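Enquirer: Compute the structure for the input listed below.
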Amino acid sequence: MEPVKQIEGRAIPFGRKNVDTDVIIPAKWLKTITRQGLGKGAFEALRADPDNIFDSAEFSGSPILIAGDNFGCGSSREHAAWALGDMGIKAVIAPSFSDIFSGNAFKNGILTVVLPQEAIDRLMEVAQTDPVSIDLETQTVTTPFQDRFTFEIDPFRKHCLLNGLDEVGLTMARGDAISTHEAKMRDSLPFLARGTDAVAAA
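Expert: Predicted coordinates for the structure are as follows:
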C-alpha cells in the first residue's frame, strides 16, 4: 500500500447523501477476481447520463471525492473501495460514512475525512473552480482561499496510512518478534514443532 500523506487536486463536488455501495459499484461487477478495471463500473448508473460529473474533462484524474452524509451505506462489498481506488480516488470527504465502508476504504489506502456539513458546503463551492488540499499529518483540509478545516482520525489508522501499512505490512513489520516467539515456542514446547518438521521434510 502506498503511503498517504498529502493529497491535492481538483475534488469532484458530488455531494449526494445516502449513496450506497450498489451505486458506487453495481452488483454485476462483483464477479471479477481482480481489482483492476473496476473503476469503469464505478457510479455506472449515474454515468449513463452523458453530462455526469464523473466523466467531465474538468474533473478527470481528480484524487478527492466530496460526498454527502452516510456515504457507503448498504452492503459491505469491499469492491466499492476497490472501484474508487481504480478511479484514482485517494480520499473521500463527507459528513459521515458507513462504518464498514470506512473500514474497507482504510484497508485499501483511501482516506475518509469527516467534516461538518458547513465545511462540506464550502468545499463543494471551492471545488467548482479550484483545488483542495488534504494534509494527513496535520489533519487539515485547506483551500487556496485560506479555508482551513481540521478533522479527527483514529491514531492507528493515521499511522498505517502515513506509513503505507496494510494488514500484511503490519505483520511483516513484526517479523523479528514473530521469529523470536516461534523459536521460544520450539524450545519450550518441542512437540508442537514435530508436525511442522514432518510437513517440511515431506
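Enquirer: Go through this protein and flag its longest helix.
Expert: Determined from DSSP state H, the single longest helix within the chain is helix 175-188.
Enquirer: Now it: average pLDDT?
Expert: Mean pLDDT, computed over helix 175-188, is 74.
Enquirer: Would you mind pulling up the elements that it packs against?
Expert: When contacts are defined as 3 or more CB pairs under 8 Å, 6 or more residues apart in numbering; DSSP states H and E, helix 175-188 packs onto helix 191-201. (C-beta placed from N, C-alpha, C; glycine too.)
Enquirer: List the contacts of the closest residue to Asn108 other than its chain neighbours.
Expert: Nearest non-adjacent residue to Asn108, counting by CB to CB, 6 or more residues apart in numbering: Ala81, 4.4 Å away. Ala81 sits next to 101, 104-105, 107-108, 110 when contact means CB atoms under 8 Å, 6 or more residues apart in numbering.
Enquirer: is it true that Ala81 lies in a strand?
Expert: No - Ala81: not assigned to a strand; according to DSSP: H, G, I helix; E, B strand; the rest coil it is helix.
Enquirer: low pLDDT regions in this protein?
Expert: 167-175, 192-202 (pLDDT under 70).
Enquirer: let's see 50
Expert: Low-confidence segments of the chain (pLDDT under 50): 198-199.
Enquirer: What are the structural domain limits within it?
Expert: 6-164, 166-202 (automatic domain parsing).
Enquirer: Do a quick rundown of the helices in this protein.
Expert: In the chain, the helices defined using DSSP H lie at 21-24, 44-47, 79-87, 99-107, 117-127, 155-163, 167-173, 175-188, 191-201.
Enquirer: got the phi/psi numbers for the residue nearest the centre of the chain?
Expert: Of all residues in the chain, the one closest to the mean position by CA atoms, centre = their mean is Ile110, 2.0 Å from it. Backbone torsions for Ile110, taken as degrees, to the nearest 10, come to phi -110, psi 130.
Enquirer: now Pro95
Expert: The phi/psi pair for Pro95 (degrees, to the nearest 10) is phi -70, psi -30.
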